[in-house]
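Got a predicted structure here, sequence first:
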Amino acid sequence: MSKSKAETPTIDFKDPEYYFNRELSWLEFNDRVLHEAIDSRTPLLERLKFMAIFSSNLDEFYMVRVAGLKQQVEANVNKLTADGRDPSQQLTDISERLRPMICKQDQHFEEVLRGLLAEEKIHLLNYTDLNVEQRTYLQHYYEDHVFPVLTPLAVDPGHPFPYISNLSLNLAVVVQEPSTGDERFARIKVPKVLPRFVQFPKELGIYDEKGKPAIWTGVPLEQIIAHHLETLFPGMTIQECYPFRITRNADIAVEEDEADDLLLAIQKELRKRRMGGSVVRMEIDDSATDQVRGMLMREMKLEESDVHQIQGLLGLGDLMSFMSLPLPELKEPKWTPIVPPPFERYRESENAEGGLSVEEKSESLFGEIRKSDLLVHHPYHSFSATIQELVELAAVDPKVLAIKMTLYRTSGDSPIINALINAAENGKQVAVLVEIKARFDEENNIVWARKLEKSGVHVVYGIVGLKTHTKTTLIVRQEDDKIHRYVHIGTGNYNPKTANLYTDLGLFSCREALGADLTDLFNFLTGHSRQRSYRKLLVAPVSLRDRMIVLIQRERDRAKKGEKARIIAKMNALVDPKIIQNLYEASQAGVEIDLIIRGICCLRPGLKGVSDNIRVVSVIGRFLEHSRIFYFYNQGEEDIYIGSADWMQRNLDRRIEAVVPIDDPNIFQELKEILDLMLSDNRQAWELQPDGHYIQRQPEEDGEVISTHETLMKKALDSSTVT
């Protein structure tokens, strides 16, 4: 007898073999970032930039993720992740995976990039390479600029081990008392108020064989200090000197239920962060003796796995400073975002002979949105000429009655903030949710919250226990005898600086259902509403998770019937086990699934009988992929959504998120083309393998090179003129 369908063996999707570890997956993402620094196709100064990004990413990873794991170990928390690892095992595996990556970075910088920089007349020298004239110059520079700000801190019975600040670069110095032979330890902090790399005057720089001076010649600041230690320890013999750098736990935790004033509670935690939590990592020059390294480890309560011995310069995040050199030929060609056609038409009317009044400008721009939904795609489209322009115009438009906005991150000189203040001063109702729990932007957001409040803006800080991550704006406008509501729902922050670096989407609409949904959402955020249903929006933690699972299961059920079924999802990270399980079930049923995941992906593609029909690509390049797009075939009645949420537990369960369906057929087609382009990319795309490694796609010999970012820049230029 043949087995019935009910007797067919089922798969236990809780089995750890079906999941990648979140932390190790993130390390693979950062390794792809490092590859951009190693790839010879990347312009030279951009390679330094990616070196810096790799290092800065690691700093944050240690400050938050590794610090959290260490806290769990200390608290004897042994909860297993979906992939079956406890915190201790994760720390071990992180260390094993990371060490060869750091070694690869250091070796490539020292053995390859330094030489390539020299070929381009950029000479980052070591102090030992300098001639007499250069050393004399640095002696004067040291005496005039460096020595006055240095503070050597001794360690002896009368001087306890000094506090060492987070991410600080330091010198560990051993000196000897000549009369007694006693050795003493001291620490010197390399001051951040001075340039990390000190440039020589042109006349002291290196000249080529034709007598032309170098573009830049200089040395690291810590080496200047190390070669003038006798000024800090007169009468002592300098025995040893080694640079080292530490990373501390910088995450903050606030018991929101017990906080009478959330703003004050966050400020208190920020003061703790500035003081710094426990040390979670030490980077030290690999020439350091066991005695010095061991003493530092004891004082900072570190284990061997917490220590990274570096061959070369420490703190390569400072390489970002070389991007300021005026050498466009060593960088990506400059990109100026264009004004998309609907906003271009508005500007044409604005620039009409004789100029337009505020009322005429408003009618022109809001009229474009009333005609049809509009989509903007940053950084291909200008942030300042679209969302910023709309908010600034709404602030002075006499017909605008109210502006409501959520702010997760914004820039230090935010024109959006200034526009909201202007709107309040013009008598409009302005309500802003400022998320003061946005990691590493808490202090900046508190400053803006205070400034907004002083200007009469209604400021709220969100819902207890939830972060407000959604990117939404609602503008209420009186037009004749009717009120219209205009909305912007996006995937990225209202930050003009990151809008030039991150790829994000934004939908402008005057659809009544979306206006009503955002009204309900803002009432939920600012009042005591407990809204449980929305007309169009998918809102976390209310409906987003359940609806996404329903959409996945709908494709699964149709595939079981032998019908065509297709899912494409683009996001930053895929971690949620329930979503992953549903994707596995859909794959088993025959659904063709393509996932475009920039960073963490805990799903294992290509497993026989489980995920044969799932492919995962990651696109890494000039811009940081940040937009989220979700596509479902739906028997040819295709659905597509954009929004602020990744498929992670935190986004689906612990954050306020908004995802919007796209109804306009032109916008729908544009989003599909973006997805298809990324899936065909053979320049910036990496394919995730079943074992967790990624392989970068390569164009066939003499074949067409398909680069997502280059193609979209060209398409934007073809559609309009440059601003």
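Yep, it's here.

any idea how far residue 70 is from residue 293?
Using CB to CB, to the nearest Å, residue 70 is found at 19 Å from residue 293. Heads up, the C-betas are built off the backbone N, CA and C, glycines and all.

Count the residues that sit near the nearest residue to residue 621 once chain neighbours are set aside.
Of all residues not flanking residue 621 in the chain, residue 684 sits nearest, at 3.8 Å (CB to CB, 6 or more residues apart in numbering). When neighbours are counted by other CB atoms under 10 Å, residue 684 registers 23.

Residue 615 falls within a strand, correct?
Yes. According to DSSP: H, G, I helix; E, B strand; the rest coil, residue 615 belongs to a strand.

That one is in contact with residue 596, isn't it?
No. If you go by CB atoms under 8 Å, residue 615 and residue 596 don't touch, sitting 9.5 Å apart.

who has more neighbours, these two?
residue 596 (24 against 16).

can you list the weak-confidence ranges in this protein?
1-9, 251-276, 348-355, 411-413, 436-445, 462, 528-529, 721-723 (pLDDT under 70).

quick one: the most centrally placed residue in it and residue 596, what's the gap?
When CA atoms, centre = their mean is applied to the chain, the residue found nearest the centroid is residue 624 (7.7 Å). With distances taken as CB to CB, residue 624 is found 14 Å from residue 596.

With residue 321 instead?
33 Å.

same check, this time on residue 702
Residue 702 is 27 Å from residue 596, by CB to CB.

Relative to the whole chain's centre, how far out is the longest helix along the chain?
Ranked by residue count, the top helix of the chain under DSSP state H comes out as helix 87-108. On the basis of CA atoms, centre = their mean, to the nearest Å, helix 87-108 is displaced by 21 Å from the centre of the chain it belongs to.

And stretch 612-631, by the same measure?
15 Å.

do stretch 640-651 as well
Worked out by CA atoms, centre = their mean, stretch 640-651 lies 16 Å from the chain centre.

What are the buried residues along it?
Within stretch 640-651, the residues that qualify as buried are 640-648, 650-651, counting by 16 or more other CB atoms under 10 Å.

Equivalent analysis for stretch 383-394, please.
For stretch 383-394, using 16+ other CB under 10 Å, the buried residues are 383, 385-394.

swap in stretch 164-177?
For stretch 164-177, using 16+ other CB under 10 Å, the buried residues are 164, 166-176.

before we move on, what about stretch 35-48?
Neighbour count says stretch 35-48 has 35-38, 42-48 buried, by 16+ other CB under 10 Å.

Same check on stretch 623-633?
Result for stretch 623-633 [16+ other CB under 10 Å]: buried residues 623-633.

Could you do stretch 446-462 as well?
446, 448-449, 451-452, 455, 457, 459-462.

farthest pair in the buried residues of stretch 35-48?
35 and 45 (16.8 Å; CB to CB).

Just the element for the closest residue to residue 620 other than its chain neighbours, please.
Spatial nearest neighbour of residue 620, excluding adjacent residues (CB to CB, 6+ apart): residue 32 at 4.7 Å. For residue 32, the host element (DSSP states H and E) is helix 22-38.

And residue 594, by the same measure?
Going by DSSP H and E, residue 594 is in strand 592-597.

The stretch 201-350 of the chain: helices as residue ranges?
221-226, 262-275, 290-299, 341-350 (DSSP state H, counting those that start in this stretch).

how about the residue nearest to residue 327 when sequence neighbours are not counted, what does it touch?
Residue nearest to residue 327 in three dimensions, not counting chain neighbours: residue 45, with 6.4 Å by CB to CB, 6+ apart. Residue 45 sits next to 322-323, 325, 327, 330-331 when contact means CB atoms under 8 Å, 6 or more residues apart in numbering.

Restricted to buried residues, select those in PyMOL.
Buried members of these, defined by 16+ other CB under 10 Å, are picked up in PyMOL with:
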select buried, resi 322+327+330
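
Let's see which of the contacts of residue 45 end up in strands.
Per DSSP state E, strands hold no members of these.
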